[in-house]
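Peer 1: I need the structure of the sequence given here:
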Amino acid sequence: IGKWHQGGTADYHPFRHGFDEFFGFLHEGHYFVPPPYNGVTTMLRRKSLPHGYTGRWVGEKGLIYTDHMGGNEPDYDADNPITRGGQPVVETEYLTDALTREAVDFIDRHDDKPFFLYLAYNAVHSPLQGADAYMKKFVHIEDIHRRIFAAMLSNMDDSVGSVMAQLRKSGLEENTIVFFLSDNGGPTRELTSSNLPLRGSKGQMYEGGLRVPFMMQWKGTIPAGQTYEKPVSSFDIYATAAANSEGVIAPELVEGVDLVPFVTGKKKGVPHETLFWRQGGKCGLRHGDWKIVRMGGRKSPGKSQWELYNLSEDLSEETNLAQSDPERLTELIERWEKMNSEMAEPLF
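Peer 2: Residues are numbered from 1 along each chain as shown. This next block holds a predicted model:
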């Protein structure tokens, strides 16, 4: 349910990748409400503003344009309808509410048997559209940009509450593992989201781009209210689910690890001694508390240099130790290169 973003043609449809039901959209984003944007406050990016304005333009009809990002809002809805199964549908509800409605209904219909639900909210991704009721809730926030973001976030927060309420109503809390996480750090300039005290944002290899909220619930098994400090990965979701679901046989090679023994205290140590990243020319590796980063270009590293940080003392990655600890830098680069040699070439 929600954002798929794994390919928009038939070969990549959720139905051909193990899912029995689908409600959502196939590409990177979607408007929460289509034109004429009724019931929401809408703020869109534009390369240039009406009448030669710069900064922010507010029209008499209430639509807001901003040029602070230097480009236009992506054409999210082009060839990207809301679909149920494989057929387009006309959705009239605010998108976050619609996805919640579908998730609650899915749980209600399947609570008599095992199920897997992947609910990928579009919020708080752009475009910035805050529903009227939530805009009123945050009327005290003077900056309209920040207010819309807060409205979208609060709307999603209430939606997660509705999904959890249905789990309780169905009597499944003690028989269901729930994961809640973000896919990347916040894009601060675009949405006003803050990653402080972490450095960087979405699309970067610094902690502000990689470190995200990650919560687990399994009532009666995982102790509530604890904070687990050691590094985990979204890869661990599959491994955890497979290891704790009856009748599931995991393949021989699983990238992640079962987190339940770690968060229940049955297993000591760390789930991951080493974490590896590569996205085009941007690279990173964490080994223990040490981390290397190379912020290259979109497709190649170019002339970018490796940086070295000790996260146990410098979580904000302010002090590059590459020059003062060249031996450790070389050791970590060798680790990255070894892991990289085991990876497939990127398909894009």
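Peer 1: which residues touch K3?
Peer 2: Remark: with contacts taken as CB atoms under 8 Å, 6 or more residues apart in numbering, K3 is in contact with 24-25, 28-30, 120-122, 125. Where C-beta positions appear, they are placed from N, C-alpha and C, glycine not excepted.
Peer 1: Just send those residues back as CSV, with secondary structure and neighbour count too.
Peer 2: Shown next, in CSV, are the contacts of K3 (DSSP: H, G, I helix; E, B strand; the rest coil; neighbours: other CB atoms under 10 Å):
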residue, secondary structure, neighbour count
G24, strand, 24
F25, strand, 25
E28, coil, 15
G29, coil, 18
H30, coil, 21
A120, strand, 13
Y121, coil, 20
N122, coil, 24
H125, coil, 18
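Peer 1: Out of those residues, the closest to S234 would be?
Peer 2: Nearest to S234 among the contacts of K3, counting by CB to CB, is A120 at 12.0 Å.
Peer 1: From A103, how far off is the nearest residue to the closest one once chain neighbours are set aside?
Peer 2: Spatial nearest neighbour of A120, excluding adjacent residues (CB to CB, 6 or more residues apart in numbering): G2 at 3.7 Å. Using CB to CB, to the nearest Å, G2 is found at 8 Å from A103.
Peer 1: any residues in contact with both of these two?
Peer 2: Here G2 and A103 have L119 as joint contacts, going by CB under 8 Å, 6+ apart.
Peer 1: Which pair of the contacts of K3 spans the longest distance?
Peer 2: Spanning the widest gap among the contacts of K3 are E28 and Y121, at 13.7 Å by CB to CB.
Peer 1: about what we covered before: mind listing the residues bridging to the residue nearest to A120?
Peer 2: Going by DSSP bridges, G2 is paired in beta bridges with G24, A120.
Peer 1: That one: neighbour count?
Peer 2: Neighbour count for G2, taken as other CB atoms under 10 Å: 22.
Peer 1: Now do the helices in the stretch 151-300 of the chain.
Peer 2: Using DSSP state H, counting those that start in this stretch, the helices assigned to the stretch 151-300 of the chain run over residues 188-191, 207-210, 235-243, 260-263.
Peer 1: Which stretch among these approaches V270 most closely?
Peer 2: The nearest among the helices of the stretch 151-300 of the chain, by CB to CB, is helix 260-263 at 8.1 Å.
Peer 1: who does that closest one touch, helix- and strand-wise?
Peer 2: Applying 3 or more CB pairs under 8 Å, 6 or more residues apart in numbering; DSSP states H and E, we find helix 260-263 packed against no helix or strand.
Peer 1: Could you pull out the buried residues of it?
Peer 2: Neighbour-count burial for helix 260-263 flags 260, 262-263 (criterion: 16 or more other CB atoms under 10 Å).
Peer 1: Include pLDDT and distance to Q87 when you put the residues you listed into TSV, please.
Peer 2: TSV is the format used below for the buried residues of helix 260-263 (pLDDT from 0 to 100; distance: CB to CB, whole Å):
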residue	pLDDT	distance to Q87
V260	97	39
F262	97	43
V263	97	41
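Peer 1: okay, those residues in JSON lines with distance to D97 next?
Peer 2: Output for those, formatted as JSON lines (distance: CB to CB, whole Å):
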{"residue": "V260", "distance to D97": "33"}
{"residue": "F262", "distance to D97": "36"}
{"residue": "V263", "distance to D97": "32"}
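Peer 1: out of the residues you listed, who's nearest D289?
Peer 2: F262 (17.4 Å).
Peer 1: ok, K47 touching T66?
Peer 2: No - K47 is not in contact with T66 according to CB atoms under 8 Å; the separation is 10.7 Å.
Peer 1: Give me the more crowded residue out of those two.
Peer 2: Comparing K47 with T66 by other CB under 10 Å, the one with more neighbours is T66, at 20 against 11.
Peer 1: phi, psi of the more buried one?
Peer 2: T66 adopts backbone torsions of phi -140, psi 140, taken as degrees, to the nearest 10.
Peer 1: One more: the one 3 residues further on?
Peer 2: The phi and psi values for M69, taken as degrees, to the nearest 10, are phi -100, psi -10.
Peer 1: State the number of residues packed around it.
Peer 2: Using other CB under 10 Å, M69 has 14 other residues around it.
Peer 1: Now do the same for it: its pLDDT.
Peer 2: Per-residue confidence (pLDDT) for M69: 96.
Peer 1: same deal with G62?
Peer 2: In this model, G62 is scored at 90, pLDDT.
Peer 1: now swap in R298 and tell me
Peer 2: At R298, pLDDT is 88.
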